[in-house]
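> sequence plus predicted model, see below.
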Number of protein chains: 4
Amino acid sequence: MSKLRVAVIGAKGRMGAEAVQAVEAAEDLELVAAVDRDEALETLTGAGAQVAVDLTHPDAVMGNVEFCVRNGIHAVVGTTGWTDERLDALRGWLADAPGTGVLIAPNFGIGAVLTMRFARQAARFFDSVEVVELHHPGKADAPSGTAVRTAQLIAEARREAGCPPQPDATSTALDGARGADVDGVPVHAVRLRGLVAHQEVLLGGEGEMLTIRHDSLHRSSFMPGVLLGVRRVPTAPGLTFGLEHFLDLDD
Amino acid sequence: MSKLRVAVIGAKGRMGAEAVQAVEAAEDLELVAAVDRDEALETLTGAGAQVAVDLTHPDAVMGNVEFCVRNGIHAVVGTTGWTDERLDALRGWLADAPGTGVLIAPNFGIGAVLTMRFARQAARFFDSVEVVELHHPGKADAPSGTAVRTAQLIAEARREAGCPPQPDATSTALDGARGADVDGVPVHAVRLRGLVAHQEVLLGGEGEMLTIRHDSLHRSSFMPGVLLGVRRVPTAPGLTFGLEHFLDLDD
Amino acid sequence: MSKLRVAVIGAKGRMGAEAVQAVEAAEDLELVAAVDRDEALETLTGAGAQVAVDLTHPDAVMGNVEFCVRNGIHAVVGTTGWTDERLDALRGWLADAPGTGVLIAPNFGIGAVLTMRFARQAARFFDSVEVVELHHPGKADAPSGTAVRTAQLIAEARREAGCPPQPDATSTALDGARGADVDGVPVHAVRLRGLVAHQEVLLGGEGEMLTIRHDSLHRSSFMPGVLLGVRRVPTAPGLTFGLEHFLDLDD
Amino acid sequence: MSKLRVAVIGAKGRMGAEAVQAVEAAEDLELVAAVDRDEALETLTGAGAQVAVDLTHPDAVMGNVEFCVRNGIHAVVGTTGWTDERLDALRGWLADAPGTGVLIAPNFGIGAVLTMRFARQAARFFDSVEVVELHHPGKADAPSGTAVRTAQLIAEARREAGCPPQPDATSTALDGARGADVDGVPVHAVRLRGLVAHQEVLLGGEGEMLTIRHDSLHRSSFMPGVLLGVRRVPTAPGLTFGLEHFLDLDD
């Protein structure tokens, strides 16, 4: 069987370098191009790339993706910065390239994607839901973007299901004890030396509790998701937003 | 709005008594009959029951369910002992009662059902999966039936996805250290005074880990699932096996 | 061997009733008196009580303990409200009763006492320490008194050891995300239906993490500590403050 | 203040290289020698080393330590293989060098040492104790040596305290479900891709549970223990076995 021909754009960045390694190590993929800033995108077409992985910068990603789509190269994009305007432009390019697929994934961590999905699905069955995220002490924002997004998904699911507000009889509290309020979902941020990136979703109901915990210990954890995207995007023409759509979970 | 008229069969058993309380406490339900062994099932028809909850014994359940189906009473059944023969008989009765629904649920704990579902869905994305269940020391079987069932679902999902065997370089081991082997999934049973019923599914992949943990602290935790079944079964003619089909999770 | 003769004061309160049961169930103890409010303390002397357990109210405890000490009855006291003035008065009574012992224990939960001790001992060896407590949503205060006390012990141990402030690069935070600040130790309070009383102390250092977690599921968990106090107090003349002094941990 | 003059023996091994870095990074220490196999130990005396860290091999350690003791150089030893005969020989050398101290530490991880100590101290207060260790799937032995040692310490503490056997009503079990039996303490070994080295000690009593968990994510976690040993050994003449004796925990 011939291998799928893959290019990595942003190949010298931290994530890009991981992707280069991961593609090289995969038996069904062939790395045909690895370009970084200041290198011409024509390298991709010259090498006959079928799929490009873009792990660059919001300033560069639009040009890269436009080039890919116009040349019929499927794209797997981890770079952020996708505003509604940008997505509209991308949809326009794709309309002219009916067989070409683009996957934009805010998070390639399969564990993180599953955590968010499971949390969203479970949220309406429990009286109480809180999020605890735990990171190394060098992190600048609290809570993490992933924790805020998770809490928003939980809040949305509960709103749609008509869940009442969470029970909470707290009448005397120290400032901050009950965490940050994200759409009615308390979110707590722990910072500890020795940690990397961890998140717990705690769901409590009458006489029972469900906990979904994700521990991310290394950025290599994103690579299985990148490879899964690479393998699936040729069969998914148009725009796919979010890796979860490639996980075939609706069974 | 008129309330749904509900009967409980096995009303003096531990679970049945909980169900009686739960139905009485629910604003949209009316408890119209609560019968125990040696009481006539005609009480149900006399009381105009629309849904019956059966929490009895394998010896009694077939007669109870046949009576319900033949009288157009929907049934929510927690009693075990459903062999293929029994299920076939039930399907036969239902064929003659096209508008009537029966839900058989091996487990009414929504947390337990979600744990099994999430474990099954996540299993194929990780290299390694193990199950740790923890119970009070009075429990007779190890591992628990739920843990064995969870491991079987995990094994089945991995088989269907073509996952390779789990990596394990163990060459020197004390007997039992690596747990019980359930279809290739290691299952560990912990017994500790003070515990009730708990289960963890641990999934590990390159650089990350996903943990799904369910803590069941009281049998009241089964009642939200029973009530959900009661409310949904009138709109689900025929046989439904497993509460998960009423959870609308396929989104 | 003759059994130790034990009285319970406050025998009809929730904790007192548990203590009555626990003493009756212990083979080496004999319950000789169980008095509640409006019953005369002379019942204790009449019954020949050697040790009294006081689980009453701050308004009543001083009179009870004075009676015990003046009559040579050792006392195990769980009732709160011990100001410095009260302790001074108690020490005065004990000075006149040299063989009599009184144990005052703010917490009889051996697990809770051990958690606080271990947290205090470990605190100075790690760069980061945070406390997460989790309780049922009916709790009025956040964080719990135990969590605040634990954080204070941690802070004190770190101050004495000359530990620098905890590392934390947070520059953008939602209000409350980083928890309550108790003497420089972040404390987070989670409130979930289905929970009882739980506490985690998380300690993080270079490349490693230590977690000490205590789950308290029932007030029966306090009884082993009460019984331990009852058995030990006859051999500990004078005032002992805190159950930990009876745990013989300094090995 | 003059810095303590430190040598590392085995400086090119994995642990030794970490130690070299750690000593260089410490403001109160000066690295004066870093020798590996085939380099003369006289380098240490020539450099005026006050303390030597030995992270070599059982075949080399005896010669190294003898050289240090005979030259009045204190030693901090992480190398294993210390039989009773070897310890006797070492004690003989130390008898002739009254001011010199040697620390032998089977484990320099402060978290691991604290976990074992806390587990041993807590063990006799609970009805049930089990150990769950979790490691990467490349590990050859199951359970880990640390878990076996922890279980032995727990068993010893329970025996000394006269604890009865652990309650366990298991009558039907799959092979291995209840773990390995180490002196009556069940030990379970989990192997998961993505993990490093983790251990939980679970203690359960009437209505409560205490969990002590240690996560070791990187061998850098051993360095704070090595440095602590280096700083303390000059004030501890003779043989000290186990880092715990330098942790000043008996308060």
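Structure received.
> show me what contacts the one residue sitting closest to the centre of chain A?
Central residue of chain A (CA atoms, centre = their mean): residue A:107, 1.2 Å from the mean position. Shown in contact with residue A:107 (CB atoms under 8 Å, 6 or more residues apart in numbering or on different chains): A:113, A:116, A:146, A:225, A:243. C-beta: built from backbone N, CA, C; applies to glycine.
> burial count for the closest residue to residue A:222 other than its chain neighbours?
Excluding the flanking residues, the one nearest residue A:222 by CB to CB, 6 or more residues apart in numbering or on different chains is residue A:108, at 4.1 Å. Burial of residue A:108 is recorded as 25 neighbouring residues (other CB atoms under 10 Å in any protein chain shown).
> in which helix or strand does residue A:108 reside?
Taking DSSP states H and E as the definition, residue A:108 sits outside all helices and strands.
> where does it fall, phi/psi-wise?
The phi and psi values for residue A:108, taken as degrees, to the nearest 10, are phi -90, psi 0.
> need the contact list for it.
Applying CB under 8 Å, 6+ apart, the residues near residue A:108 are A:78, A:222, A:223, A:225, A:226, A:229, A:243.
> residue A:80 too?
Taking CB under 8 Å, 6+ apart, we find residue A:80 in contact with A:58, A:106.
> and it, that's in a helix?
No. Using DSSP: H, G, I helix; E, B strand; the rest coil, the assignment for residue A:80 is coil, not a helix.
> returning to that earlier point: and the contacts of residue A:108, which is closest to chain B?
Nearest to chain B among the contacts of residue A:108 is residue A:223, at 6.7 Å by CB to the nearest CB.
> look at residue A:219 and report its pLDDT.
The model reports residue A:219 with a pLDDT of 79.
> how long is stretch A:88-107 end to end?
Using CA to CA, to the nearest Å, one end of stretch A:88-107 lies 21 Å from the other.
> enumerate the positions of it that are buried.
Buried residues in stretch A:88-107, defined by neighbour count with 16 or more other CB atoms under 10 Å in any protein chain shown: A:90, A:93, A:94, A:97, A:100, A:101, A:102, A:103, A:104, A:105, A:106, A:107.
> out of the residues you listed, what pair is the most spread apart?
Among those, the pair separated by the greatest distance (CB to CB) is A:97 and A:107, at 25.8 Å.
> now the strands: where do they sit in chain A?
Secondary structure of chain A (DSSP state E): strands located at A:4-9, A:29-35, A:51-54, A:74-77, A:101-104, A:128-135, A:141-142, A:172-173, A:180-182, A:185-191, A:197-205, A:208-216, A:238-241.
> follow-up on the earlier one: and the gap between the residue nearest to residue A:222 and chain C?
24 Å (CB to the nearest CB, to the nearest Å).
> JSON lines for the contacts of residue A:107, including pLDDT and distance to residue B:193?
Listed next are those as JSON lines, based on pLDDT from 0 to 100; distance: CB to CB, whole Å:
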{"residue": "A:113", "pLDDT": "93", "distance to residue B:193": "39"}
{"residue": "A:116", "pLDDT": "96", "distance to residue B:193": "37"}
{"residue": "A:146", "pLDDT": "92", "distance to residue B:193": "38"}
{"residue": "A:225", "pLDDT": "94", "distance to residue B:193": "42"}
{"residue": "A:243", "pLDDT": "94", "distance to residue B:193": "44"}
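> looking at those residues, which are in helices?
A:113, A:116, A:146, A:225 (DSSP state H).
> between the buried residues of stretch A:88-107, which sits nearest chain D?
Using CB to the nearest CB, the buried residues of stretch A:88-107 come closest to chain D at residue A:107, 16.9 Å.
> re the thing from before, turn the strands of chain A into JSON lines, including distance to residue C:120.
Converted to JSON lines, the strands of chain A look like this (distance: least, CB to CB, whole Å):
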{"stretch": "strand A:4-9", "distance to residue C:120": "51"}
{"stretch": "strand A:29-35", "distance to residue C:120": "53"}
{"stretch": "strand A:51-54", "distance to residue C:120": "50"}
{"stretch": "strand A:74-77", "distance to residue C:120": "50"}
{"stretch": "strand A:101-104", "distance to residue C:120": "49"}
{"stretch": "strand A:128-135", "distance to residue C:120": "22"}
{"stretch": "strand A:141-142", "distance to residue C:120": "27"}
{"stretch": "strand A:172-173", "distance to residue C:120": "24"}
{"stretch": "strand A:180-182", "distance to residue C:120": "29"}
{"stretch": "strand A:185-191", "distance to residue C:120": "20"}
{"stretch": "strand A:197-205", "distance to residue C:120": "25"}
{"stretch": "strand A:208-216", "distance to residue C:120": "27"}
{"stretch": "strand A:238-241", "distance to residue C:120": "50"}
